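> Pasting the sequence and the predicted coordinates here, then a few questions.
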Amino acid sequence: MRLRNKPWAKDMINDNLDLISIQPENMQGKWQARFEKKQPLYLELGSGKGAFITELARRNPQNNYIAMEVQEGAIALILKKQVENKLPNLQLLLANGSNLSDLFAEGEVTGLYLNFSDPWPKTRHVKRRLTYKSFLEQYKFVLQDDGKIEFKTDNQGLFEYSLVSMNNFGMKFEELSLDLHNDEKLNEDNIQTEYEEKFSKKGFRINYLKASF
Ligand SMILES: C[S@@+](CC[C@H](N)C(=O)[O-])C[C@H]1O[C@@H](n2cnc3c(N)ncnc32)[C@H](O)[C@@H]1O
């Protein structure tokens, strides 16, 4: 998903540096200081326009959340919502998730969400998939020992690839569905992302897994 640059984005970001961090240095181990309360910290990597993480944070004031995006045009749309909502347990981060260990300390994160990550279907782009082993290594480092990854996608190829990649990495699968929206138990508290709404309306089934290291 490539979003058009927003002419207003830079000013909005610079006016709200209490809500958003930009490729920060020396933040490892210090993220809790950005929030009102010290409580479990969850990260969404590739939040897009932010519908999921904003609603998740609203429903769960007992946790802290970070919405991470590499695209300024996307994070600016999340920021626009957050400037209105001012959820005390949501922070935004404009940065690339390929080097999470430069941004977070070992075990600093309680849980990680990957929603409708770019599929990168060509084999020569395999290393860009967010479930490629170099990403899994980073997740393992930043997640606490019993930390979970939750992953949703409509993309069959990416889901199959991710199952194999995670299995080869020795990860344990705790939940799995090839049709999340028709799974009464798993779908009960499901919060849809923008992509999820769009593609499930077109008839695509949503794959879901929860795994730990
Ligand atoms: C296909 S979109 C899905 C957006 C949203 N999660 C949803 O489900 O509607 C993938 C998003 O991940 C972001 N992304 C991809 N690679 C990233 C990376 N290495 N670090 C941070 N964000 C990334 C993209 O900019 C894009 O907004």
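Happy to help now that I have it.

> Confirm residue 211 sits in a strand?
Yes: with DSSP: H, G, I helix; E, B strand; the rest coil as the criterion, residue 211 is part of a strand.

> For it, give me its contacts.
By CB atoms under 8 Å, 6 or more residues apart in numbering, residue 211 lies in contact with 148-149, 151, 166, 171-174. The way it works is simple: take the backbone N, C-alpha and C, and place the C-beta from them, glycine included.

> Would you show me how to pick out the buried ones of those in ChimeraX?
To isolate the buried ones among the contacts of residue 211 in ChimeraX, judged by 16 or more other CB atoms under 10 Å, type:
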select :148,149,151,166,171
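
> In strands only, show me the contacts of residue 211.
Of the positions in these, 148-149, 151, 172-174 sit in strands, assigned by DSSP state E.

> so is the residue nearest the centre of the chain in a helix, a strand, or just coil?
Closest residue to the average C-alpha location of the chain: residue 44 at 1.9 Å, with CA atoms, centre = their mean. With three-state DSSP as the basis, residue 44 sits in strand.

> what about the closest residue to it other than its chain neighbours, how many residues close to it?
Spatially, and ignoring its direct neighbours in sequence, residue 44 is nearest to residue 113 (4.2 Å; CB to CB, 6 or more residues apart in numbering). Neighbourhood size, residue 113 [other CB atoms under 10 Å]: 23.

> Adjacent strands (with direction) for the strand or helix carrying residue 113?
Assigned by DSSP states H and E, residue 113 falls within strand 109-115. Strand 109-115 sits in its sheet next to strand 41-45 (parallel), strand 143-153 (parallel), going by DSSP bridges.

> what residues does the shortest one touch?
Under the contact criterion CB under 8 Å, 6+ apart, strand 41-45 has outside partners 31-32, 52-53, 56, 63-68, 97, 100, 104, 108-115, 117, 130, 142.

> switch the cut-off to 7 Å
31-32, 52-53, 63-68, 97, 108-115, 130 (CB atoms under 7 Å, 6 or more residues apart in numbering).

> Equivalent analysis for the longest one, please.
Applying CB under 7 Å, 6+ apart, the external contacts of strand 143-153 come out as 107, 109-117, 139, 159, 162, 174, 180, 196, 206-213.

> Generate a ChimeraX selection restricted to the buried subset of those residues.
The ChimeraX command for the buried members of the contacts of strand 143-153 (criterion: 16+ other CB under 10 Å) is given here:
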select :109,110,111,112,113,114,115,116,117,139,159,162,180,196,206,207,208,209,210,211,212,213
